[in-house]
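In: can't give you the sequence, but here's the structure:
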């Protein structure tokens with residue numbers, strides 16, 4: 001199995017199902033209704049909805065970085081605001097997350113093992129993802145999904 005195939009498998013595990021550490025991001029979001037997604041059970045913490053918008057935003061920014069754009073922040077910002085809290089708006093947010101993940105997965109599928117060691121941008125710049133390889137970036141996306149899945153799991157219990 002190639003390294004890119006291993007990364008693609010881990011993307012599926014972290015986002016959809018069978019994460020080694022427990023529930024994937026989508027499994028954690030399963031059954032969360034709009035009202036619960038918008039709730040703030042922990043003072044000062046982000047809501048589930050805000051976390052989902054944040055993850056979707058960064059999947060978009062990472063997709064742009066992997067295709068050669070020097071993106072400092074996602075187009076919609078680091079923590080996009082929740083515009084409305086209707087069930088339809090929640091479904092749109094979940095669809096956005098799925099679409100952004102599918103695009104990132106498609107970009108990843110078109111990479112080769114040899115490209116994994118390529119730098120996003122040679123110049124070290126954390127704001128644009130510069131100075132790190134595609135390999136590190138893709139593993140970072142996996143970590144990001146699982147980190148926020150754990151936050152959501154805690155918010156669901158609060």
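Out: Arrived safely. This structure is a prediction, so every number in the text was calculated from the model and none was measured.

In: C-alpha only now, for contacts and for neighbours.
Out: OK.

In: Model confidence at residue 128, what's the number?
Out: For residue 128, the pLDDT comes out at 62.

In: Could you do the one 5 residues further on as well?
Out: For residue 133, the pLDDT comes out at 91.

In: Next one: the nearest residue to it once chain neighbours are set aside from residue 138, what distance?
Out: Distances taken as C-alpha to C-alpha, 6 or more residues apart in numbering place residue 119 nearest to residue 133, at 4.1 Å, with adjacent residues excluded. The gap separating residue 119 from residue 138 is 12 Å, by C-alpha to C-alpha, to the nearest Å.

In: can you check residue 8 too?
Out: For residue 8, the distance to residue 138 - C-alpha to C-alpha - is 9 Å.

In: cool, residue 101 as well?
Out: Counting by C-alpha to C-alpha - residue 101 and residue 138 are separated by 12 Å.

In: related to what we said a few turns ago, give me the number of residues near the residue nearest to residue 133?
Out: Neighbours of residue 119 under the rule other C-alpha atoms under 10 Å: 20.

In: Kindly report the same for residue 36.
Out: Neighbours of residue 36 (other C-alpha under 10 Å): 16.

In: contact partners of the helix or strand hosting it?
Out: Residue 36 is part of helix 34-38 when elements are defined by DSSP states H and E. Helix 34-38 is contacted by residues 47-50, 85-87, 89-90, 156 when judged by C-alpha atoms under 8 Å, 6 or more residues apart in numbering.

In: what does stretch 45-56 give?
Out: Residues contacting stretch 45-56 (C-alpha under 8 Å, 6+ apart): 36-41, 78-82, 90, 93-94, 96-97, 100-101, 144-145, 148, 152, 155.

In: in it, what counts as buried?
Out: Of all the residues in stretch 45-56, those buried under the rule 16 or more other C-alpha atoms under 10 Å are 46-56.

In: that older thread, which two in the contacts of helix 34-38 are spaced the farthest apart?
Out: 89 and 156 (19.2 Å; C-alpha to C-alpha).

In: quick one: which of the two has more around it?
Out: Neighbour totals were compared for residue 89 and residue 156, and residue 156 leads with 17 against 14 (other C-alpha under 10 Å).

In: got a list of what the more buried one touches?
Out: Counted by C-alpha under 8 Å, 6+ apart, residue 156 has contacts residue 36.

In: measure the residue nearest to residue 33 when sequence neighbours are not counted to residue 64 for me?
Out: With sequence-adjacent residues excluded and distances taken as C-alpha to C-alpha, 6+ apart, residue 33 is closest to residue 87, at 7.1 Å. As for residue 87, its distance to residue 64 is 29 Å (criterion: C-alpha to C-alpha).
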